[in-house]
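Undergrad: everything below, folded, please.
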Amino acid sequence: MVEFFTTNPFGILILTVVKALLILGPLLVAVAMMTLAERKIMAAIQLRRGPNVVGPFGLLQPFADAIKMLMKETIIPTGANRTLFLMAPMLTFALAMIAWAVIPVNDGWAIADINVGILYLFAVSSLGVYGIIIAGWASNSKYPFLGALRSAAQMVSYEVSMGFVIVTVLLCVGSMNLNAIVKAQETIWFVIPLFPMAVIFFISTLAETNRSPFDLPEGESEIVAGFFVEYSSMSFALFFLGEYANMFLMAAMTTILFLGGWLAPFGIEPFTWIPGPIWFILKICAVMFVFVWVRATFPRYRYDQLMRLGWKVFLPFSLFYLVLVAGVLLAFGWLPTAA
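TA: Residues are numbered from 1 along each chain as shown. Below is the predicted model of the structure:
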């Protein structure tokens, strides 16, 4: 039986599908519950109750929202490009899902444990801008198009500094394999020696996922709701799911690159008894909590401030820190060989 799933092409396909369902099923449930958690956390910060009617403590609210979305009519604007208009949210959602193929939740627990995992992630996250641009253009409306242009410029700007941060981590590891990156942090998590880069990476993930205080594509005071203003029902829901799945993906990347992935904190003995996947989930939840905390705390940036931060602060600083780390590794002979 084991040989069938490891050598037979049909068996390998079945095993891959099962592994994908084991990752994507809980992910979709987590995305649904995150909408409730976000509203509850923001309610607590703002001294109010949040959803508390649908089910005990409002636990069924995400499912009520999903049923409402399913029952609504999909409205397509008269002048819209029908095919592209419907394809854009599907593309955004699909890209958010396929990126999870290389995320290891434990040692070797990935759908595809490839040696260029980090390159794959960077490529998939870069493609996300196409769904937004297509949505803005296909709507044949001024506000969505302006929101799409804003979002595209914002995502491209912050991907540059994110790239330098990732290269810095790769220098310390000597491998693009995500499993190897986590294992390199058995002694010390990279968040300690690379703390400035961890901060830049996290802030860049906020901009990459269009989250507050960088939610300029959705600036309701200027452009209503941005690139998805013409969307309704399940097409809107796919954008919504894609945004939250991307948040989880960025939280997972932050966990893998800087917080030791599935590893217990610094190998402390009592904590090592807790299974790796539990640690991985707890760290992702902690990062997601900070996402919501930032949203409830900081006001929205002006667009010129957003661009200045990306190009005039993060880009030169991340480049400087990359050169500094490379110099230190070379000077002390710590530069690892490429794996």
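
Undergrad: buried set for stretch 58-69?
TA: By neighbour count, and taking 16 or more other Cβ atoms under 10 Å as the criterion, the buried residues in stretch 58-69 are G58, Q61, P62, D65, A66, M69. Backbone N, C-alpha and C define where each C-beta goes, glycine included.

Undergrad: and the last one, how far is that from W279?
TA: It refers to M69. 34 Å (Cβ to Cβ, to the nearest Å).

Undergrad: got any ranges where the stretch 1-150 of the chain has weak pLDDT?
TA: Scanning the stretch 1-150 of the chain for pLDDT under 70 picks out 1-8.

Undergrad: please redo it, this time with the cut-off set to 90
TA: 1-38, 45-150 (pLDDT under 90).

Undergrad: and stretch 38-50, which residues are buried?
TA: When burial is assessed from 16+ other Cβ under 10 Å, stretch 38-50 yields the following buried residues: E38, R39, K40, I41, M42, A43, G50.

Undergrad: which of those residues sits closest to L315?
TA: Of all the buried residues of stretch 38-50, the one sitting nearest L315 is E38; the distance, using Cβ to Cβ, is 30.2 Å.

Undergrad: which residues touch the closest one?
TA: Taking Cβ atoms under 8 Å, 6 or more residues apart in numbering as the criterion, E38 is in contact with V292, R295.

Undergrad: centre of the chain to the one helix or strand it maps to, how far?
TA: The secondary structure element spanning E38 is helix 9-45 (assigned by DSSP states H and E). Offset of helix 9-45 from its chain centre (Cα atoms, centre = their mean, to the nearest Å): 13 Å.

Undergrad: next SSE after that helix?
TA: helix 61-71.

Undergrad: closest one to V290 out of the buried residues of stretch 58-69, please.
TA: Of all these, the one with the least separation from V290 (Cβ to Cβ) is P62, at 21.0 Å.

Undergrad: what residues sit buried inside the helix holding E38?
TA: Per 16+ other Cβ under 10 Å, helix 9-45 contains these buried residues: 20, 23-24, 27, 30-32, 34-43.

Undergrad: what angle do it and helix 61-71 make?
TA: Using axes from the mean of the first three to the mean of the last three Cα atoms, to 10 degrees, the interaxial angle of helix 9-45 with respect to helix 61-71 works out to 110 degrees.

Undergrad: OK, contacts around the residue lying closest to A148 once chain neighbours are set aside?
TA: Leaving aside its chain neighbours, A148 sits nearest to G136 (2.3 Å; criterion: Cβ to Cβ, 6 or more residues apart in numbering). The neighbours of G136, taking Cβ under 8 Å, 6+ apart as the test, are P144, F145, L146, G147, A148, L149, S151, F227.

Undergrad: ok, the last one to L306 distance?
TA: What it means is F227. Spatial separation of F227 from L306 under the definition Cβ to Cβ is 16 Å.

Undergrad: swap in the fifth one?
TA: Distance, A148 to L306, using Cβ to Cβ: 16 Å.

Undergrad: so the two - more neighbours on which side?
TA: More neighbours sit around A148 than around the other of A148 and L306, counting by other Cβ atoms under 10 Å; the figures are 26 against 20.

Undergrad: does the more buried one touch S141 like I think?
TA: No. Between A148 and S141 there is no contact, the gap being 10.4 Å when judged by Cβ atoms under 8 Å.

Undergrad: and the helices in the stretch 151-300 of the chain?
TA: Applying DSSP state H, counting those that start in this stretch to the stretch 151-300 of the chain gives helices spanning 178-183, 195-208, 220-223, 233-258, 276-297.

Undergrad: who wins for proximity to G117 among those?
TA: Between the helices of the stretch 151-300 of the chain, helix 178-183 lies closest to G117; by Cβ to Cβ that is 4.2 Å.

Undergrad: how about the closest one as PDB, C-alpha atoms only?
TA: Written as PDB, here are the backbone C-alpha positions of helix 178-183 (Å, rounded to 0.1, in the frame of the first residue of the first chain):
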ATOM      1  CA  LEU A 178      11.300  26.300   3.700                       C
ATOM      2  CA  ASN A 179      12.000  23.200   5.800                       C
ATOM      3  CA  ALA A 180      15.700  24.100   5.900                       C
ATOM      4  CA  ILE A 181      14.900  27.700   6.800                       C
ATOM      5  CA  VAL A 182      13.000  26.500   9.900                       C
ATOM      6  CA  LYS A 183      15.600  24.000  10.900                       C
END
